[in-house]
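Peer 1: next one to model:
(chains A and B)
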Amino acid sequence: ILNVEQSPQSLHVQEGDSTNFTCSFPSSNFYALHWYRWETAKSPEALFVMTLNGDEKKKGRISATLNTKEGYSYLYIKGSQPEDSATYLCADYNFNKFYFGSGTKLNVKP
Amino acid sequence: NAGVTQTPKFQVLKTGQSMTLQCAQDMNHEYMSWYRQDPGMGLRLIHYSVGAGITDQGEVPNGYNVSRSTTEDFPLRLLSAAPSQTSVYFCASSYSQGSGGYTFGSGTRLTVV
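Peer 2: Got it, this is the predicted structure:
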């Protein structure tokens, strides 16, 4: 079982603030790192799939970076909006299996 | 496209009963998996399949069986329900084993009394 850790567990920010959170994963045998957005009462939705060291992905105000040598990925949200409130999950794909972190719960106050 | 369809959405079982959670996808995805989600523990992999006829165990397989006779369907069977299996279950599929993002079903909330 791989240990995928996310920090912080929860985050409260004001509308307009920029924020970021971290996903740490074992750096050996790396294959892919996924980010998902999970709104309450819905299913997780894929944000990014990252496979190469130094990868940077962007979707609107959300972006992510990947460092496979040191085993971490950052997710950034620029100018947070209330609709960004959700739990953000990362998952490490290794040995045919996905290992999910427990998520960072983001609450954006208007 | 329907995507990933899970049924039922809610279920209450008595201890010792068996049941099957259904999962079907219409995207021709090879990779399918089942997760359970418990408070404070995130998503934990129960079983997965890399294609029709091939299944394997995840982190928490005990008490569950799966089969994959077609590409579209991946049912999860609870053999003899226990209160510890009270959870929310998600089925997910992907076109690729690692380089494609998952599409998740809407979940099944199971309570075992």
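Peer 1: what bits of chain A have low per-residue confidence?
Peer 2: Counting by pLDDT under 70, chain A contains low-confidence ranges at A:1.
Peer 1: again, 90 this time
Peer 2: The model of chain A has pLDDT under 90 over residues A:1-3, A:27-30, A:40-41, A:93-98.
Peer 1: what residues does it have near chain B?
Peer 2: Of all the residues in chain A, those in contact range of chain B (Cβ under 8 Å from any Cβ of the partner chain) are A:1, A:31-32, A:34, A:36, A:42-49, A:51, A:89, A:91, A:93, A:96-103. To be clear about C-beta, it is placed using only N, CA and C from the backbone, and glycine gets the same treatment.
Peer 1: so which residues on chain B come close to chain A?
Peer 2: Counting by Cβ under 8 Å from any Cβ, chain B sits next to chain A at B:33, B:35, B:40-45, B:48, B:50, B:56, B:58-59, B:90, B:97-107.
Peer 1: and with 10 Å instead?
Peer 2: Along chain B, the residues adjacent to chain A under the rule Cβ under 10 Å from any Cβ of the partner chain are B:3-4, B:6, B:31, B:33, B:35, B:37, B:39-45, B:48, B:50, B:56-60, B:90-92, B:94, B:96-107.
Peer 1: how many neighbours does residue 24 have?
Peer 2: Reading this off chain A. Using other Cβ atoms under 10 Å in any protein chain shown, A:Ser24 has 17 neighbouring residues.
Peer 1: think we crossed wires, I meant chain B
Peer 2: Residues near B:Ala24, counting by other Cβ under 10 Å, number 19.
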